[in-house]
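**Student:** A predicted structure for the sequence below; I have some questions about it.
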2 protein chains.
Amino acid sequence: MRLLFKLFNFYLSKDKYFARRMFDVLGFVPGNITIYKLAFSHKSSQNEKSVLSQNNERLEYLGDAVLGTIVAEYLFKKYPDSNEGFLTKMRSKIVKRKTLNRIGDKMELDGVLQEFNNTRLSRSMLGNAVEALVGAIYLDAGYAFTQKYIVENILRRYLDIHELENYDDNYKSQLLEWCQKHGKTISYKLISRYKYEKRDRFKVGVFVNNQRIATADDFNKKSAEQAASEKAMIELGFLTEEDDD
Amino acid sequence: MRLLFKLFNFYLSKDKYFARRMFDVLGFVPGNITIYKLAFSHKSSQNEKSVLSQNNERLEYLGDAVLGTIVAEYLFKKYPDSNEGFLTKMRSKIVKRKTLNRIGDKMELDGVLQEFNNTRLSRSMLGNAVEALVGAIYLDAGYAFTQKYIVENILRRYLDIHELENYDDNYKSQLLEWCQKHGKTISYKLISRYKYEKRDRFKVGVFVNNQRIATADDFNKKSAEQAASEKAMIELGFLTEEDDD
């Protein structure tokens, strides 16, 4: 029955062009075409004539959760001896906007987005489309299929897991390097120390040429310095919003 | 085959006491007993004699993700017309520490934790055990079973979804009420305004009797005031750590 649906979608339905497009991108013919169309409907291109009353944001919400679980288990099994701190950190490196945008790029979702939206593409639309697509596959084909599909066709194919392992967001050393290169002084100062949830919390400021660029709070000074450095890098314009998220 | 395993676990294995205990708590006999034992092994009670080389933290990490997805889909289907903002907010109300601790309480996990750990129970161990248990069920019985089990035996049984819908963490009005009752003045001041990711960000302080109690940052003043009020309530000792998370 499901196969018949798919054949119909592919050869006969009014959506056959979209079904074929999905086949190009995904490597399988969708069952429920409408959900996949929704996955590519960005809110900015909705208008009164839109066939779909919704945009892809609900699917993004669902896909974000499903992808998070698939990635969580993938890492859980790949690193049987690693603690949850490492696993959590690796997971956030994979599901963060920047990585998802790259995956969307490699999946060539930009073409589909461009065809089905009358709006200017932004880079973050790629990552959002990946999430929405995961949501669509999940609703269309269930968890087991989605898991197998994502692991084989996305994680194993598009992720360089060892690069991610070694990649460290060390903003403090990046900022230091930049300052040295440009002959600027850099210093960190403890601005305040207070109690939060009965624990000590530190507010740290980063100063470039004695000018305060950014501050950040955390439960230890080192992390606060990292966070302040990251904010400073955005402030100074050499981290874009995408990099940061 | 799986049934034979279960019968063995229940009647014959050296773990039959634990298997029966799990049956009391969960309503089904576990297949892989070891994983469930792990779910109740808190790191603080591990010692050299521990049979299990690991504690429940990896299972918590996995269970957190699985539970997040199950809750995400439950809400997605329960509220077909709500936007992703509402769904995300509802989801975080359900998976937050406080709610999970309550669920652990209702599942009477404290008894099991007490029996299998030689450590003092803290309230947050309950919520952690719920997550670890979800991770264990998932590894033991797969996604479909876990989903059905969680929806029917946890979400529908222990959650008052309408209460959660209406519950609003309005810390500002709670703090105001407290100050009025105790004859104290309260005021909010904008401490600084800066750019973060090219957006305006506000640092707001809350002052009780002109003394600064807490500060918080957010992209709009209202949210920063809420966050500062919440911190102030913790500072003043009438929100506990558990309430906050």
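**Tutor:** Perfect, I can see it now.
**Student:** so A:Ser192 is in contact with A:Lys203, correct?
**Tutor:** Yes: counting by CB atoms under 8 Å, A:Lys203 is a contact partner of A:Ser192 at 4.6 Å. The way it works is simple: take the backbone N, C-alpha and C, and place the C-beta from them, glycine included.
**Student:** neighbour-wise, which of those two wins?
**Tutor:** Just comparing A:Ser192 and A:Lys203: by other CB atoms under 10 Å in any protein chain shown the higher neighbour count belongs to A:Lys203, 19 against 13.
**Student:** compute the inter-axis angle for the helix or strand encompassing the more buried one and strand B:199-208.
**Tutor:** Assessed by DSSP states H and E, A:Lys203 sits inside strand A:199-208. For strand A:199-208 against strand B:199-208, the angle by axes from the mean of the first three to the mean of the last three CA atoms, to 10 degrees is 140 degrees.
**Student:** what's next to strand A:199-208, contact-wise?
**Tutor:** When contacts are defined by CB atoms under 8 Å, 6 or more residues apart in numbering or on different chains, strand A:199-208 is touched by residues A:175, A:179, A:184-195, A:212-221, A:224-225, A:228-229, A:231-232, A:236.
**Student:** again, only this time at 7 Å
**Tutor:** A:179, A:184, A:186-195, A:212-221, A:224-225, A:228-229, A:232 (CB atoms under 7 Å, 6 or more residues apart in numbering or on different chains).
**Student:** distance from the chain centre to that strand, please.
**Tutor:** How far strand A:199-208 lies from its chain's middle: 28 Å, per CA atoms, centre = their mean, to the nearest Å.
**Student:** name every strand pairing with it and say which way it goes.
**Tutor:** For strand A:199-208, the pairing partners within the sheet under DSSP bridges are strand A:186-196 (antiparallel), strand A:211-218 (antiparallel).
**Student:** what does chain A put close to chain B?
**Tutor:** Within chain A, the residues that sit near chain B (CB under 7 Å from any CB of the partner chain) are A:57-58, A:60-62, A:65-66, A:68-69, A:72-73, A:76, A:83-84, A:87-88, A:143-144, A:195-198, A:231, A:234-235, A:241, A:244.
**Student:** tell me, what's the model's pLDDT at A:Ile186?
**Tutor:** Predicted confidence (pLDDT) for A:Ile186: 92.
**Student:** can you check A:Asp169 too?
**Tutor:** Looking at A:Asp169, the pLDDT reads 68.
**Student:** got it, and the one 10 residues further on?
**Tutor:** With respect to pLDDT, A:Cys179 scores 87.
**Student:** can you check A:Lys49 too?
**Tutor:** 47.
**Student:** give me the most central residue, chain A.
**Tutor:** By CA atoms, centre = their mean, chain A has its centre lying nearest to A:Arg97, at 2.7 Å.
**Student:** other SSEs contacting the longest helix along chain A?
**Tutor:** As assigned by DSSP state H, the longest helix anywhere in chain A is helix A:123-150. The contact analysis (3 or more CB pairs under 7 Å, 6 or more residues apart in numbering or on different chains; DSSP states H and E) places helix A:123-150 against helix A:33-39, helix A:57-78, helix A:97-106, helix A:109-116, helix B:123-150.
**Student:** if you count neighbours, what's buried in the first one?
**Tutor:** In other words, helix A:33-39. A:33, A:35-39 (16 or more other CB atoms under 10 Å in any protein chain shown).
**Student:** state the mean pLDDT of that helix.
**Tutor:** The model assigns helix A:33-39 a mean pLDDT of 92.
**Student:** with stretch A:54-64 instead?
**Tutor:** Stretch A:54-64 comes out at a mean pLDDT of 92.
**Student:** contact partners of it?
**Tutor:** Outside stretch A:54-64, the residues that touch it by CB under 7 Å, 6+ apart are A:38-43, A:46, A:128, A:131-136, A:138, B:72-73, B:76, B:83-84, B:87-88.
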